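S.K.: Structure of the sequence below:
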Amino acid sequence: MRPLSSLQLVSLLFFFQVGLVQANVPEPLSHVASPSTHALTQVEEQQTLNLVVKQGRLLTLPRAVSSVLVADPEVANFQLPSPRNLFVFAKGAGTTTLYALDARDRVVAAIEVVAQHDLEALTQAVESEVPDAQVRFAPASGNGLVVRGHVRTPQQAKHVMQAINAFFGGDEGDSGGGQQQGQGGGQGSGNSVPRIINQLNVELSAQVNISVRIVEVSRSLSTDLGLNWELTLKGGDYFFRNGTALFDSATNSFIPDAMTSGIVAGGTKSIGSASVGGLLNALSSDGLATVLAEPNLTAMSGETAGFAAGGEVPIVIVTNNNVTIDYKQYGVIMRMTPTLLSPNRISLHIAPEVSDLSNDGAVTFGGNQIPAFKVRRADTTVELASGQSFALAGMLRSSSAQEVSGVPGLRDIPGLGRLFETERNRQEDTELVIIATAYVVEPSNAGDFQTPGQGIETLDAATLPPSASAGYLF
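M.R.: Predicted coordinates:
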């Protein structure tokens with residue numbers, strides 16, 4: 001082999017160094033290999049399992065299961081009686097997914113659970129309770145249930161809702177949302193009572209107007225005049241023991257100031273079956289009765305209307321060195337709940353209360369005086385036709401006061417003033433009479449009612465006849 005010359009050795013050495021440099025140069029970033037990515041795939045095809053709420057199904061699996069996953073334990077839950085048996089039960093309406101895994105975390109079963117309420121059984125239960133109702137049901141979003149259809153009266157609508165709640169095990173009058181505890185591998189509580197959406201159409205008017213009159217009557221009517229409230233409030237004639245001078249014999253109309261004028265002794269007087277309100281008006285004009293309140297309320301059937309006329313007294317409450325102020329109502333307080341039974345029949349629950357502040361029984365605490373209350377309260381339910389009235393009476397109150405009178409000037413003489421004074425104890429007894437009238441009413445159109453001053457036209461003097469004066473025409 002022929003030896004290399006010096007020039008060839010230098011050239012070979014140069015190209016060798018250049019090659020080493022190029023071999024050490026890093027490749028561009030765009031040429032750096034990126035880690036490989038793989039798309040997520042469904043590990044197992046899901047099977048659909050349809051269930052009725054509060055019911056379940058036992059599934060036999062191909063191999064043993066060590067763990068179960070539930071997406072929404074409020075909809076469905078599970079129990080594992082054995083490694084290859086899976087019991088799935090529905091707790092509330094809705095859709096959820098369930099996965100069963102073996103000891104190596106491989107999917108044994110993938111299930112889509114669809115839970116629904118048993119609407120067919122619910123329809124049969126409601127029809128058996130309310131045969132005349134035409135009701136149908138439809139599932140709503142979440143654990144909801146829509147109630148549609150037609151009923152005759154609000155009372156029937158109430159019975160339908162009671163039958164629905166009884167079917168689901170909820171409280172009477174509850175519109176859904178009650179909770180029940182469930183067991184299983186998941187966490188959370190069940191919700192088998194649905195959220196009920198009431199869309200029932202009531203054919204009859206569901207509004208009731210209640211006119212109430214609360215009057216405090218002097219007991220002297222019973223003692224001095226012999227007025228028999230028991231007969232009066234039963235709708236009969238008004239009987240007075242010695243009141244023949246109270247009413248005109250020709251017209252049976254009340255004679256003004258007859259209560260305070262001389263009473264003709266002997267005999268009885270019947271004035272016929274006039275309204276109790278007219279009698280109370282007559283008694284009020286002579287000071288023998290005081291009208292405490294005359295509320296006029298309108299409420300939906302089954303709803304409660306309230307009325308209060310009086311005041312609120314602050315009461316200091318000390319608890320664990322914390323001072324809070326609570327307000328107690330007093331005066332005339334009333335709660336009324338009408339229920340329409342039929343087109344002309346009303347069930348009325350009424351709870352009136354009349355209270356006054358009193359120093360008798362007052363308590364002093366921390367330098368503050370907590371007053372006592374004298375309360376007269378009633379609570380009753382009556383049934384009457386539209387336009388009829390009923391009355392409550394017999395709630396008595398007795399008050400006494402001491403009056404001191406004397407000769408001016410002489411009663412102020414030290415030591416001798418008592419000789420010129422007269423003390424008299426005055427006893428006053430009153431009775432509470434409550435009269436209520438209920439009407440089935442329809443809503444009014446806009447513009448049917450006017451406030452004072454609306455629709456008044458001013459008459460100018462130029463447009464009036466000479467004999468007339470300028471004024472206002474309604």
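S.K.: what separates D379 from G92, distance-wise?
M.R.: Separation of D379 from G92 (Cβ to Cβ, to the nearest Å): 39 Å. Backbone N, C-alpha and C define where each C-beta goes, glycine included.
S.K.: Of the two, which one has the most company?
M.R.: Counting neighbours by other Cβ atoms under 10 Å for D379 and for G92 shows that G92 has the greater number, 25 against 10.
S.K.: hang on, the more buried one is in a strand, isn't it?
M.R.: No: in this structure, G92 is coil, not part of a strand, as judged by DSSP: H, G, I helix; E, B strand; the rest coil.
S.K.: got a pLDDT number for it?
M.R.: pLDDT, G92: 85.
S.K.: can you check P28 too?
M.R.: 44.
S.K.: So Y439 sits against N209, correct?
M.R.: Yes: the pair Y439 / N209 is scored as a contact, 4.6 Å apart, by Cβ atoms under 8 Å.
S.K.: for A362, what are its contacts?
M.R.: Taking Cβ atoms under 8 Å, 6 or more residues apart in numbering, we find A362 in contact with 369-372.
S.K.: Secondary structure element holding it?
M.R.: A362 is located in strand 345-365, with elements delineated by DSSP states H and E.
S.K.: Give me the sheet partners of whichever helix or strand comes after that strand and which way each runs.
M.R.: Counting by DSSP H and E, the element after strand 345-365 in chain order, helix or strand, is strand 368-377. Sheet pairing of strand 368-377 (DSSP bridges) gives strand 345-365 (antiparallel).
S.K.: Give me the mean pLDDT for the strand it pairs with.
M.R.: Per-residue scores along strand 345-365 average to 85.
S.K.: any idea how the protein splits into domains?
M.R.: Using automatic domain parsing, the domains assigned to the chain come out as 47-116, 119-203, 216-290, 296-441.
S.K.: For F89, what are phi and psi?
M.R.: Backbone geometry at F89, expressed as degrees, to the nearest 10, gives phi -130, psi 150.
S.K.: What sits closest to it if chain neighbours are left out?
M.R.: Of all residues not flanking F89 in the chain, G56 sits nearest, at 3.0 Å (Cβ to Cβ, 6 or more residues apart in numbering).
S.K.: can you give me the helices in this protein?
M.R.: Shown for the chain, the helices assigned by DSSP state H span residues 6-24, 119-129, 154-168, 220-223, 229-233, 276-285.
S.K.: and the spatially closest residue to R397 that is not a sequence neighbour, how far is that from V217?
M.R.: Nearest residue to R397, sequence neighbours excluded (Cβ to Cβ, 6+ apart): T430, at 5.2 Å. From T430 across to V217, the span is 7 Å (Cβ to Cβ).
S.K.: T319 too?
M.R.: 43 Å.
S.K.: Compare neighbour counts for the two and give me the winner.
M.R.: Between T319 and V217, counting by other Cβ under 10 Å, V217 is the more crowded of the two (21 against 7).
S.K.: confidence score at the closest residue to the more buried one other than its chain neighbours?
M.R.: Leaving aside its sequence neighbours, V217 sits nearest to A289 (Cβ to Cβ, 6+ apart; 4.6 Å). We have a pLDDT of 76 for A289.
S.K.: Could you report the neighbour count for A391?
M.R.: As a burial measure, A391 scores 18 neighbours (other Cβ under 10 Å).
S.K.: now swap in G406 and tell me
M.R.: Neighbour count of G406, defined by other Cβ under 10 Å: 15.
S.K.: That one reaches T422, doesn't it?
M.R.: Yes: using Cβ under 8 Å, G406 is in contact with T422, at 6.4 Å.
S.K.: show me what contacts the closest residue to I325 other than its chain neighbours?
M.R.: Of all residues not flanking I325 in the chain, P314 sits nearest, at 5.0 Å (Cβ to Cβ, 6+ apart). The contact partners of P314, by Cβ under 8 Å, 6+ apart, come to 325-327.
S.K.: Which of these fall in strands?
M.R.: Among these, the members found in strands (DSSP state E) are 325-327.
S.K.: Could you check the angle the strand holding A362 makes with helix 154-168?
M.R.: Using axes from the mean of the first three to the mean of the last three Cα atoms, to 10 degrees, the direction of strand 345-365 lies 70 degrees away from that of helix 154-168.
S.K.: before we move on, back to that, check the contacts of P314 against A109 and report the nearest one.
M.R.: A109 has its nearest neighbour among the contacts of P314 in D326, at 59.7 Å by Cβ to Cβ.
S.K.: how close does the residue nearest to that closest one when sequence neighbours are not counted sit to F373?
M.R.: Spatial nearest neighbour of D326, excluding adjacent residues (Cβ to Cβ, 6+ apart): I315 at 5.0 Å. Counting by Cβ to Cβ, the separation of I315 from F373 is 11 Å.
S.K.: go on, R418?
M.R.: Taking Cβ to Cβ, one finds R418 at 37 Å from F373.
S.K.: Below-threshold pLDDT in the stretch 51-200 of the chain: ranges please.
M.R.: Scanning the stretch 51-200 of the chain for pLDDT under 70 picks out 170-192.
S.K.: Against T96, how distant is P73?
M.R.: With Cβ to Cβ as the criterion, P73 and T96 are 8 Å apart.
S.K.: Correction: the previous question concerned Q329.
M.R.: According to Cβ to Cβ, Q329 stands 50 Å off from T96.
S.K.: Equivalent analysis for V208, please.
M.R.: 46 Å.
S.K.: more crowded one of these two?
M.R.: Taking neighbours as other Cβ under 10 Å, V208 and T96 compare with V208 leading, 27 against 21.
S.K.: I'd guessed the more buried one sits against E442; true?
M.R.: No: proximity of V208 to E442 does not meet the contact threshold set by Cβ under 8 Å, at 11.1 Å.
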